[in-house]
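Novice: Sequence and predicted structure, then a few things I'm wondering about:
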Amino acid sequence: MRIARLACLLLFSGAAFTAQAKMVHKPVEWTQDGTRFHSVLVYDDAVTAKRPGLVMVPNWYGVSDTALTKAEGIAGKDYVILVTDMYGEKIRPASDDQAMAAVKPLYADRALMRKRINLALDQLKAQAKTAPIDVSKLAAIGFCFGGSAVLDLARSGADVAAVVSFHGALQTDKPELAKQIKARVLVMNGADDKGTMPDADKFMDEMRSSKADWEFVVLGNAVHCFTETDQHKEGCAYDERAAKRSYRLMNDWLHGAFSGAP
């Protein structure tokens with residue numbers, strides 16, 4: 001009897017081990033205008049059901065271990081996430097100065113930014129052949145610089161259910177593009193973010209000129225970088241309270257967009 005019980009315990013423990021989450025990191029590469037890009041698809045392969053796909057553009061440090069860890073936490077069993085390379089595989093900033101140099105060409109040429117983020121969306125769709133992505137439920141999320149990128153995806157008229165920007169820059173080269181927005185737009189910035197909040201009024205005027213379903217959330221007492229766990233500088237600092245609130249808002253926003261709920 002004891003042997004039988006031991007066998008059952010081993011069987012169940014084996015089944016539990018098999019069902020444990022395993023976060024896949026799958027390289028996804030493409031070439032655009034002679035530049036090779038190296039992104040990473042992140043998802044839990046213990047869940048076989050198809051789920052929404054998210055293009056995720058990290059902060060100005062781009063594809064990094066920190067960005068991949070963040071993607072794992074967001075993906076869980078709910079999403080498949082493409083952590084998107086916006087610079088090209090040879091550019092991996094290791095300092096703020098290098099990151100500034102990496103983003104400058106894209107802020108200076110927003111048409112190029114829109115072109116790159118749209119191709120990333122196409123690459124996410126293509127992964128549905130081998131990954132559990134529900135291509136009827138696509139969205140984009142971005143952090144800091146990445147927030148700018150996903151807002152430009154929306155402005156380009158991309159066919160996504162939603163975009164969510166965390167502490168992202170709000171300015172645009174062409175406010176009139178807002179009329180093309182199809183996505184539900186959620187933007188979350190810290191009330192004390194001296195880098196982005198000066199553009200808040202212009203951004204809201206831009207959104208008012210669109211027909212988009214949009215929401216601009218100002219998080220009290222938060223500065224720039226409030227979701228970035230490795231940032232603790234003056235004016236750019238992680239804020240656990242603001243981060244948790246913003247992630248809850250993101251999940252609610254995405255759920256509503258995917259389900260068609262008001």
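Specialist: The structure has been received and is ready for your questions. Since the model is a prediction, treat every value here as computed from it, not as a measurement.
Novice: What pLDDT is listed against the residue lying closest to Gly76 once chain neighbours are set aside?
Specialist: Closest residue to Gly76 apart from its sequence neighbours, by C-beta to C-beta, 6 or more residues apart in numbering: Asp44 at 6.6 Å. Bear in mind the C-beta positions are built from the backbone N, C-alpha and C, glycine included. Asp44 carries a pLDDT value of 97.
Novice: which residues does Asp44 bridge with?
Specialist: Beta-bridge partners recorded for Asp44 (DSSP bridges): Met23.
Novice: got a list of what it touches?
Specialist: Applying C-beta atoms under 8 Å, 6 or more residues apart in numbering, we find Asp44 in contact with 21-24, 75-77.
Novice: Just the buried residues of the residues you listed.
Specialist: Burial by neighbour count, 16 or more other C-beta atoms under 10 Å: within the contacts of Asp44 this picks out 23, 75.
Novice: I figured Val187 hits Phe216, correct?
Specialist: Yes: counting by C-beta atoms under 8 Å, Val187 does reach Phe216; the two are 4.9 Å apart.
Novice: More neighbours: which of those two?
Specialist: Set Val187 next to Phe216 and count neighbours by other C-beta atoms under 10 Å: Val187 wins out with 24 against 15.
Novice: Okay, and the beta partners of that one?
Specialist: Ser165, Phe216.
Novice: Find the residue closest to Leu41 in space, skipping its chain neighbours.
Specialist: Going by C-beta to C-beta, 6+ apart, Leu41 has Lys26 as its nearest residue, at 4.2 Å.
Novice: check contacts around Thr172.
Specialist: Applying C-beta under 8 Å, 6+ apart, the residues near Thr172 are 110, 151-152, 155, 178, 206.
Novice: Name the nearest of the residues you listed relative to Leu254.
Specialist: Nearest to Leu254 among the contacts of Thr172, counting by C-beta to C-beta, is Leu151 at 15.8 Å.
Novice: any chance you could map the helices in the chain?
Specialist: Secondary structure of the chain, counting by DSSP state H: helices at 2-19, 65-75, 96-108, 110-126, 145-155, 200-208, 240-259.
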